[in-house]
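Trainee: Fold the following.
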Amino acid sequence: MSFGLLIVALIVILIAAEIFTNALEHLGERLKISEGVTGSIFAAVGTAMPEAMVPIVAVLSSADNPKLGEEVGVGAILGAPLMLSTLTLFLMAIFAAQKRGWQGSFTPEKVGLQRDLNWFLLAFGISVAAIFIPHTNQLMRGTIAITLVLCYFVYIMVTIRASAKLVEDGHGTEADGQMFMQRLKLPVNLFTILLQVGIGLSLIVVGAKMFVVGVEDISHAWGISALVLSLLIIPVATELPEKINSIIWIRRNRDTLAFGNITGAMVFQGSLLPALGIMLTPWEPRFEVVLGMVLTLVATSYLVLMLRRGTLRPIHLVFNGVCYAAYFITLTRG
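Mentor: Numbers count the residues shown, from 1 in each chain. The predicted model follows:
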């Protein structure tokens, strides 16, 4: 039953991702914004927002079992950027290699991609430092949490400010083909575009929730702890299906949108949600947590290094996949 539910959920998510990406392309084109803004802010936040509710609900609604809520919350907060910087990039590379070969080239707009990665390293690095501050030092922790929130809003302003120049340089968002709503004989205007965005996002949430139920049933049968479950299973169940948007874009050679969808979500998940964890959980240096943080920083720093060296290729992202495999094996054997 659980595996059948997973299959149905993936079909729903695939259809929803097509609807969502098609609408976002038309929205970006109508607003005359860059692919960087469309991918890093609109797509990234739109698909990451439902997953953000998992740690929020876990932390704020766990009065009966606060320790369990804290473990699920911390795991979900840290598991998402880990998975995005490792497994998601690797899977995207696999689909890119099918058309371009492992030695083919990625062609994202590099300035925006490097900006996303640098902001993520800054915010997530602050979050890592905060884990070594005693939870009794509320003043220091509160200051760090506010700093992380401000970091994200400054990042949004910087990204939007760069949009006009990128559009002038030929990196404006352009839709691939007709909008789905238009095929229903509806006019193409801002209302119908936003309606299709809402329908796509709603179906993604429905599919993701179905996926979560199936994965939870399977994980319980394996006897995995709450922290390990939240670090490994919850991000895969809630975040990874929606990154199918990036796979769709990468197969259409829309590399800026594909990477922005992932790296923009990394900035969102690596700044605002850790702020919640720092304020409302012990946020302490447990082995599983520290190892995940280190591998996230290593995988992201490696990607920055590859970008600075020159052309980014699918073969380069195998390292990111190895990082996730190492983490998965360590936790499941521990």
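
Trainee: What segments of the stretch 1-150 of the chain are helices?
Mentor: Assigned by DSSP state H, counting those that start in this stretch, the stretch 1-150 of the chain shows helices spanning 2-31, 35-37, 44-60, 66-83, 89-100, 110-130, 138-161.

Trainee: can you put these in TSV and add mean pLDDT, distance to Y324 and mean neighbour count?
Mentor: C-beta: built from backbone N, CA, C; applies to glycine. Shown next, in TSV, are these (pLDDT from 0 to 100; distance: least, C-beta to C-beta, whole Å; neighbours: other C-beta atoms under 10 Å):
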stretch	mean pLDDT	distance to Y324	mean neighbour count
helix 2-31	79	20	19
helix 35-37	78	26	28
helix 44-60	66	17	21
helix 66-83	78	7	25
helix 89-100	94	7	20
helix 110-130	95	16	20
helix 138-161	92	24	16
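
Trainee: would you turn these into JSON lines with distance to I244?
Mentor: Shown next, in JSON lines, are the helices of the stretch 1-150 of the chain (distance: least, C-beta to C-beta, whole Å):
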{"stretch": "helix 2-31", "distance to I244": "4"}
{"stretch": "helix 35-37", "distance to I244": "18"}
{"stretch": "helix 44-60", "distance to I244": "9"}
{"stretch": "helix 66-83", "distance to I244": "14"}
{"stretch": "helix 89-100", "distance to I244": "9"}
{"stretch": "helix 110-130", "distance to I244": "20"}
{"stretch": "helix 138-161", "distance to I244": "23"}
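
Trainee: To V188, which of those helices lies closest?
Mentor: Nearest to V188 among the helices of the stretch 1-150 of the chain is helix 2-31 (7.0 Å), distances taken as C-beta to C-beta.

Trainee: Find out how far that closest one is from the centre of the chain, if you would.
Mentor: 15 Å (C-alpha atoms, centre = their mean, to the nearest Å).

Trainee: and that helix, what does it pack onto?
Mentor: If you count contacts as 3 or more C-beta pairs under 8 Å, 6 or more residues apart in numbering; DSSP states H and E, helix 2-31 packs onto helix 44-60, helix 180-183, helix 190-222, helix 244-251.

Trainee: quick check, distance from stretch 184-201 to the centre of its chain.
Mentor: Its chain's C-alpha centre and that of stretch 184-201 lie 24 Å apart, by C-alpha atoms, centre = their mean.

Trainee: If you count neighbours, what's buried in it?
Mentor: Neighbour counts over stretch 184-201 (16 or more other C-beta atoms under 10 Å) mark T192, I193, Q196, V197, I199, G200, L201 as buried.

Trainee: what's next to it, contact-wise?
Mentor: By C-beta atoms under 8 Å, 6 or more residues apart in numbering, the surrounding residues in contact with stretch 184-201 are 16-24, 26-27, 30, 46-47, 50, 179-182.

Trainee: now it: mean pLDDT?
Mentor: The pLDDT scores in stretch 184-201 average 88.

Trainee: Please renumber the chain so that the first residue is 46 from this point on.
Mentor: Renumbered: residue one is now 46, and that last one reads stretch 229-246.

Trainee: Pull that stretch out as CSV, backbone CA atoms only.
Mentor: The C-alpha coordinates for stretch 229-246 follow below in CSV (Å, rounded to 0.1, in the frame of the first residue of the first chain):
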residue,chain,number,x,y,z
LEU,A,229,-8.5,25.9,-22.0
LYS,A,230,-9.5,29.0,-24.1
LEU,A,231,-8.8,31.3,-21.1
PRO,A,232,-7.1,34.7,-21.7
VAL,A,233,-3.4,35.0,-20.8
ASN,A,234,-3.3,37.8,-18.1
LEU,A,235,-1.9,38.2,-14.7
PHE,A,236,-4.9,36.6,-13.0
THR,A,237,-4.9,33.4,-15.0
ILE,A,238,-1.1,33.1,-14.6
LEU,A,239,-1.4,33.4,-10.8
LEU,A,240,-4.3,31.0,-10.9
GLN,A,241,-2.2,28.4,-12.7
VAL,A,242,0.7,29.1,-10.2
GLY,A,243,-1.7,28.4,-7.4
ILE,A,244,-3.1,25.2,-8.9
GLY,A,245,0.4,23.9,-9.6
LEU,A,246,1.6,24.7,-6.1
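
Trainee: wait, what's in contact with C196?
Mentor: Counting by C-beta under 8 Å, 6+ apart, C196 touches W164, L167, A168, I171, S316.

Trainee: now do 6 Å
Mentor: C196 is in contact with A168, S316, counting by C-beta atoms under 6 Å, 6 or more residues apart in numbering.

Trainee: From F313, how far off is it?
Mentor: According to C-beta to C-beta, to the nearest Å, C196 stands 11 Å off from F313.

Trainee: what about the nearest residue to I295 once chain neighbours are set aside, neighbour count?
Mentor: Of all residues not flanking I295 in the chain, A303 sits nearest, at 4.1 Å (C-beta to C-beta, 6 or more residues apart in numbering). Residues lying near A303 (other C-beta atoms under 10 Å) number 28.

Trainee: how close does A303 sit to R206?
Mentor: 23 Å.

Trainee: L193 contacts G322, doesn't it?
Mentor: No: the pair L193 / G322 is not scored as a contact, 9.9 Å apart, by C-beta atoms under 6 Å.
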